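**Student:** Next come a sequence and a model predicted from it.
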Amino acid sequence: MSPAIVAIDGPAGAGKSTVARQLARRLGFSMIDTGAIYRSVALAARRAGVGWDDDEGLRKLLDKGLPISFVAEPEERVLLNGEDVTQAIRTPEISRGASVVSARPVVRGKLLGLQRSLGLQASKGAVLEGRDIGTVVFPEATVKFFLTASDDARAQRRHAEFSEKGLDVPLQEVLGDQRRRDQHDRERAIAPLRAAPDAIVIDTTGLDLAEVVERSHRLALERLSQASSIKGKLQR
Ligand code: DC
């Protein structure tokens with residue numbers, strides 16, 4: 001039986017990572033942060049001296065395969081070629097690079113199969129978070145959420161995350177970078193950031209993310225049990 005897929009899309013800072021992580025934990029599903037995959041491409045390109053908009057260079061880089069893996073325990077880690085790049089992919093520079101490489105059709109095409117296979121390899125189910133999970137990567141996902149929040153609320157969350165990690169990035173810079181990235185993600189020709197027509201949209205402005213986790217958990221359980229009872233009836 002194929003694993004159940006939960007898609008969580010939305011702009012940066014809307015609470016996707018927190019909600020995806022906690023929802024996955026509650027459901028006993030794997031969590032796949034697809035933004036980390038685009039970030040790893042940006043980092044790998046930078047290290048290989050390949051421009052973020054150099055399609056030919058990116059193609060060659062990805063043809064070798066992107067040796068990325070996710071570790072869930074004892075804490076979440078992203079490994080690239082066996083090296084722990086969890087921190088290195090979170091800098092403002094790599095955020096900009098991820099936004100650029102993610103608009104290149106060659107990169108999206110190469111990463112589509114990787115994201116689908118990571119989801120389908122999950123034993124029970126997977127929560128995937130990104131920008132186009134419900135629209136492109138898993139249009140057949142059983143549950144789709146689209147999280148949004150005001151620009152200010154999102155920038156403040158990102159700013160707090162940076163501060164927790166000891167990165168001193170001024171709020172105005174976070175806001176400016178976020179606006180440019182949002183515009184780029186929404187206006188790109190391929191897989192632009194948008195809610196799938198059947199996504200449950202949650203505006204998290206002013207909401208405690210614990211509340212959003214509660215709500216999305218309840219909704220996910222409802223949808224997952226509806227889907228499994230429909231599947232059961234069809235199989236009978
Ligand atoms: O979620 P994030 O900030 O880690 O994402 C980094 C970049 O990757 C962001 O600019 C959007 C892009 N991205 C994407 O285009 N599609 C995805 N499924 C996930 C991320």
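**Tutor:** Nice, I can see it.

**Student:** got the contact list for the most centrally placed residue in the chain?
**Tutor:** For the chain, the residue whose C-alpha lies nearest the mean C-alpha position (Cα atoms, centre = their mean) is G130; its distance is 2.7 Å. Neighbour list for G130: 7-9, 33-35, 115, 137 [criterion: Cβ atoms under 8 Å, 6 or more residues apart in numbering]. Placement of C-beta: from N, CA and C, glycine included.

**Student:** Pick the one among those residues closest to V143.
**Tutor:** When those are compared for distance to V143 (Cβ to Cβ), A7 comes out closest, at 7.1 Å.

**Student:** Of the contacts of G130, which is the most crowded?
**Tutor:** Neighbour count (other Cβ atoms under 10 Å) singles out I8 as the most crowded of those, with 31 neighbours.

**Student:** and stretch 187-204, how far out from the chain's middle?
**Tutor:** Its chain's C-alpha centre lies 12 Å from the corresponding centre of stretch 187-204 when counted by Cα atoms, centre = their mean, to the nearest Å.

**Student:** wait, does it make contact with the ligand?
**Tutor:** No. Counting by Cβ under 6 Å from any ligand atom, the ligand has no neighbours in stretch 187-204; the shortest distance is 6.6 Å.

**Student:** Using CSV, list the CA coordinates for that stretch.
**Tutor:** In CSV, the C-alpha atoms belonging to stretch 187-204 read as follows (Å, rounded to 0.1, in the frame of the first residue of the first chain):
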residue,chain,number,x,y,z
GLU,A,187,6.2,35.1,-10.2
ARG,A,188,8.5,32.4,-11.5
ALA,A,189,7.2,30.7,-14.6
ILE,A,190,7.6,27.2,-13.3
ALA,A,191,5.7,25.8,-10.3
PRO,A,192,5.0,29.2,-8.8
LEU,A,193,4.0,29.5,-5.1
ARG,A,194,0.3,29.1,-4.9
ALA,A,195,-2.3,27.2,-3.0
ALA,A,196,-3.7,24.0,-4.7
PRO,A,197,-7.5,24.5,-5.3
ASP,A,198,-8.2,21.7,-2.8
ALA,A,199,-5.8,22.9,-0.1
ILE,A,200,-7.0,23.9,3.4
VAL,A,201,-5.7,27.5,3.8
ILE,A,202,-4.7,28.6,7.3
ASP,A,203,-3.6,32.2,8.0
THR,A,204,-1.3,31.9,11.0
